[in-house]
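Participant: sequence first, then the predicted structure:
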Amino acid sequence: MTRWLTEAVPRGRVAAFRTVIYLFVAADLVIFTPWVRTRVSVPGDLYRPLLIGRLLPLPTPTETLVTVIFWSLLALALLAATGRAPRLLGWAVCALYLEWMIIAMSYGKVDHDRFGLLIALAVLPTAGRARHGDTTRTEAGGWALRVTQIAVICTYFLAAFAKLRFGGLDWLTGSVLARAIIRRGTDLADLIAQVPYLLIVAQFGIVAFELLSPVVFFLPPRWRHAMVGFFYSFHVVTIATITISFAPHLAAMTSFLPLERVRPLVWARRLIGRGSPASTSTDVDTLPDQDPVGASANTAPLGDQAPVVGRPAGP
């Protein structure tokens, strides 16, 4: 069990995952949850902090407090995405984002799609330093990714448990999806709703998929990636039909992917290099080591004949 929890992964994967998570936190503040700043206009009597907010205890949100958290978190998340000071910046982002979520979810609605993201923010500072493209393996980074993966799968499995606990078997045979389509459905959802019994079949399928989600840990890598791809496709359909976004969950789910293979900066340099006049067809990073000792000014070809590539000039 310990070996599975701390399975070593390339440091480059940890660095890429760290960048994805912290950039998402910055994007979340300005795209997905900017409405949290409007909470200061709500009377303080309506603030009902979550259990963690009562235990600490945390103050009732004010305009000054929310503004300071917003700008501090935005700046620190962007800095943390660079990989610098992973522990100091990581813990700071984790604490500030947790408070941001407590403020957001203490007015009557709690979103379960942020569990994996919060766990990722809590464990990333323990992964230590990691550089993009580094192939050396790290057990600390592997543990951080594995714990995030467990949180992602728990989100699915416990969602099914909650459906059956509070809705019972009626959740499977009722009109849950029909009500969702009436409230926030798209044209695509309207077409699907016209097919007899399809929504009931979809409800059975959703619960079965969520209950079986832990199977992903027992699959070989190729099939595991295929199943994670199915997870993503499920959320694409969800957004396309009932416009429910699980963006934080999708960001945390990248912990399953070989992110070290995604090198946008390297790809951009290669693209720019190919477009420049002085570029060659071979990337500099792939050239074999060359010994400069044999190089000299006397490299002109003999007569009108150019030397063969890879051979020195001369007889």
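Facilitator: Arrived safely. Note that the structure is a prediction, hence the values are computed from the model and not measured.
Participant: so which helix or strand of this protein has the lowest pLDDT on average?
Facilitator: helix 264-275 (a mean of 75; mean pLDDT, DSSP states H and E).
Participant: with only the CA atoms kept, save that helix in PDB.
Facilitator: C-alpha atoms of helix 264-275 as PDB (Å, rounded to 0.1, in the frame of the first residue of the first chain):
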ATOM      1  CA  PRO A 264       4.200  24.400 -24.800                       C
ATOM      2  CA  LEU A 265       7.300  26.600 -24.300                       C
ATOM      3  CA  VAL A 266       9.600  24.100 -26.000                       C
ATOM      4  CA  TRP A 267       7.100  23.600 -28.800                       C
ATOM      5  CA  ALA A 268       6.900  27.400 -29.300                       C
ATOM      6  CA  ARG A 269      10.700  27.700 -29.400                       C
ATOM      7  CA  ARG A 270      10.800  24.900 -32.000                       C
ATOM      8  CA  LEU A 271       8.100  26.600 -34.100                       C
ATOM      9  CA  ILE A 272       9.900  29.900 -34.000                       C
ATOM     10  CA  GLY A 273      13.200  28.300 -34.800                       C
ATOM     11  CA  ARG A 274      11.800  26.600 -37.900                       C
ATOM     12  CA  GLY A 275      10.500  29.900 -39.100                       C
END
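Participant: and the nearest residue to residue 29 once chain neighbours are set aside, helix, strand or coil?
Facilitator: In this structure, residue 29 finds its nearest non-sequential neighbour in residue 74, 5.4 Å apart by C-beta to C-beta, 6 or more residues apart in numbering. (C-beta placed from N, C-alpha, C; glycine too.) Put simply, residue 74 is helix when judged by DSSP: H, G, I helix; E, B strand; the rest coil.
Participant: could you list the low-pLDDT ranges of the chain?
Facilitator: Within the chain, the segments meeting pLDDT under 70 span 275-315.
Participant: which parts of it are strands?
Facilitator: Taking DSSP state E as the test, the strands found in the chain are 9-10, 137-138.
Participant: the last one: partners in the sheet, and parallel or antiparallel?
Facilitator: In its sheet, strand 137-138 lies beside strand 9-10 (antiparallel), with partners assigned from DSSP bridges.
Participant: what about the strand it pairs with, distance to the chain center?
Facilitator: Centroid displacement of strand 9-10 relative to its chain, using C-alpha atoms, centre = their mean, to the nearest Å, is 17 Å.
Participant: residues contacting the nearest residue to residue 46 once chain neighbours are set aside?
Facilitator: Counting by C-beta to C-beta, 6+ apart, residue 46 lies nearest to residue 107, which is 6.1 Å off, once chain neighbours are set aside. Contacts here follow C-beta atoms under 8 Å, 6 or more residues apart in numbering; on that basis residue 107 touches 39, 42, 46, 47, 48.
Participant: and the residue most central in space within the chain, how far is that from residue 141?
Facilitator: Averaging the C-alpha coordinates of the chain gives a centre point, and the residue nearest to it by C-alpha atoms, centre = their mean is residue 251 (2.3 Å). Per C-beta to C-beta, to the nearest Å, residue 251 is found 17 Å from residue 141.
Participant: repeat for residue 262
Facilitator: Taken as C-beta to C-beta, the span from residue 262 to residue 141 is 16 Å.
Participant: okay, helices next: where are they in the stretch 101-250 of the chain?
Facilitator: Assignment of helices within the stretch 101-250 of the chain using DSSP state H, counting those that start in this stretch yields the ranges 115-123, 139-162, 170-173, 176-184, 187-193, 198-211, 221-242, 247-253.
Participant: can you tell me which of those helices comes nearest to residue 83?
Facilitator: Residue 83 lies closest to helix 139-162 among these, at 12.1 Å (C-beta to C-beta).
Participant: pull out the buried positions in that closest one.
Facilitator: 139-156, 159-160 (16 or more other C-beta atoms under 10 Å).
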